[in-house]
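In: Could you work out the structure for the sequence below:
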Amino acid sequence: MPDKTSEVSIKDLPMSVAEPAPLGLIGLAVAALVLGVHDLGVIENGDKSLMIPWTLCLGATAQLIAGYMDFKRNNIFGATAFTAYAMLWYAVTITLYIATFTGADIAMEHYALGLLGFLMFSLILTAASTLLNKALFGILIGINVAIVALVLHTLFDTDAMFVGIPLLFVSALSFYTAAAGLLNTMAGKPLLPMGKPLWVPKK
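Out: Predicted coordinates for the structure are as follows:
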């Protein structure tokens, strides 16, 4: 008769969680691409409401899943960054929905204030990314520039092109970093370089 004390429940087994960063980065890349192309005016008579599925499903939900999995992996940077940016995408999506479908009188200053508040947090993440690699640092710099440009566009009606350009930069670099994370992890060696950390603290 087997010893019951030796029986191990499935929930007691260590959980192996795959690298979620490529999923989150692909979500960011596609959502930034859709918004960036719209802001550049490449698509004439583009309806803003058609961006909602992409910002909701990829920009927000894909990054939320990636952040949740990074919490399980005890990766504080990935968990914090992905979940926080997911909340930003949810907020942007809901604002876009309200502005497009409800006809409510929105005080855009509130939207700009929220973006500025998030920018403060994004700058902290940018500083933290210097401990990781140049690719992530570049993505965060692009996001910061895009947020500043969006605030200026919201408050002072500056050209949306200045939002679209950094968003396309973020999209391109996110696609590359997602590919690097996927291929490097599967190959077990660095096939695509992401750059060394900009800062290595002394012990």
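In: all strands of this structure, in order?
Out: For the chain, applying DSSP state E gives no strands.
In: per-residue pLDDT, the nearest residue to residue 201 once chain neighbours are set aside?
Out: In space, and not counting its chain neighbours, residue 201 is closest to residue 131: 7.5 Å by C-beta to C-beta, 6 or more residues apart in numbering. C-beta: built from backbone N, CA, C; applies to glycine. If you check residue 131, the pLDDT there is 97.
In: Surely residue 131 and residue 137 touch.
Out: No: between residue 131 and residue 137 no contact is recorded; they are 9.5 Å apart, counting by C-beta atoms under 8 Å.
In: neighbour-wise, which of these two wins?
Out: When residue 131 and residue 137 are compared for neighbours, residue 137 comes out ahead with 23 against 14, by other C-beta atoms under 10 Å.
In: Tell me who's in contact with the more buried one.
Out: For residue 137, the contact set (C-beta atoms under 8 Å, 6 or more residues apart in numbering) comprises 126, 129, 130, 195, 198.
In: Got a ChimeraX select line for the buried ones in those?
Out: A single ChimeraX command selects the buried members of the contacts of residue 137 (16 or more other C-beta atoms under 10 Å):
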select :126,129,130
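In: can you redo the contacts of residue 137 as JSON lines with distance to residue 63?
Out: Formatted as JSON lines, the contacts of residue 137 follow (distance: C-beta to C-beta, whole Å):
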{"residue": "126", "distance to residue 63": "17"}
{"residue": "129", "distance to residue 63": "15"}
{"residue": "130", "distance to residue 63": "21"}
{"residue": "195", "distance to residue 63": "22"}
{"residue": "198", "distance to residue 63": "23"}
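In: just the CA coordinates of stretch 91-111, formatted as PDB?
Out: Coordinates of each C-alpha in stretch 91-111 appear next as PDB, following Å, rounded to 0.1, in the frame of the first residue of the first chain:
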ATOM      1  CA  ALA A  91      -8.100  53.800 -20.000                       C
ATOM      2  CA  VAL A  92      -7.300  55.100 -23.500                       C
ATOM      3  CA  THR A  93      -9.800  52.600 -25.000                       C
ATOM      4  CA  ILE A  94     -12.600  53.600 -22.700                       C
ATOM      5  CA  THR A  95     -11.900  57.200 -23.300                       C
ATOM      6  CA  LEU A  96     -12.000  56.600 -27.100                       C
ATOM      7  CA  TYR A  97     -15.300  54.700 -26.700                       C
ATOM      8  CA  ILE A  98     -16.900  57.500 -24.600                       C
ATOM      9  CA  ALA A  99     -15.700  60.100 -27.000                       C
ATOM     10  CA  THR A 100     -16.900  58.200 -30.100                       C
ATOM     11  CA  PHE A 101     -20.200  56.600 -29.100                       C
ATOM     12  CA  THR A 102     -21.800  58.400 -26.100                       C
ATOM     13  CA  GLY A 103     -21.700  62.000 -27.200                       C
ATOM     14  CA  ALA A 104     -20.700  62.900 -23.700                       C
ATOM     15  CA  ASP A 105     -19.000  66.300 -23.100                       C
ATOM     16  CA  ILE A 106     -15.500  65.200 -22.200                       C
ATOM     17  CA  ALA A 107     -13.200  67.600 -20.400                       C
ATOM     18  CA  MET A 108     -10.000  66.600 -22.300                       C
ATOM     19  CA  GLU A 109      -7.900  68.300 -19.600                       C
ATOM     20  CA  HIS A 110      -8.800  65.300 -17.400                       C
ATOM     21  CA  TYR A 111      -7.500  63.000 -20.100                       C
END
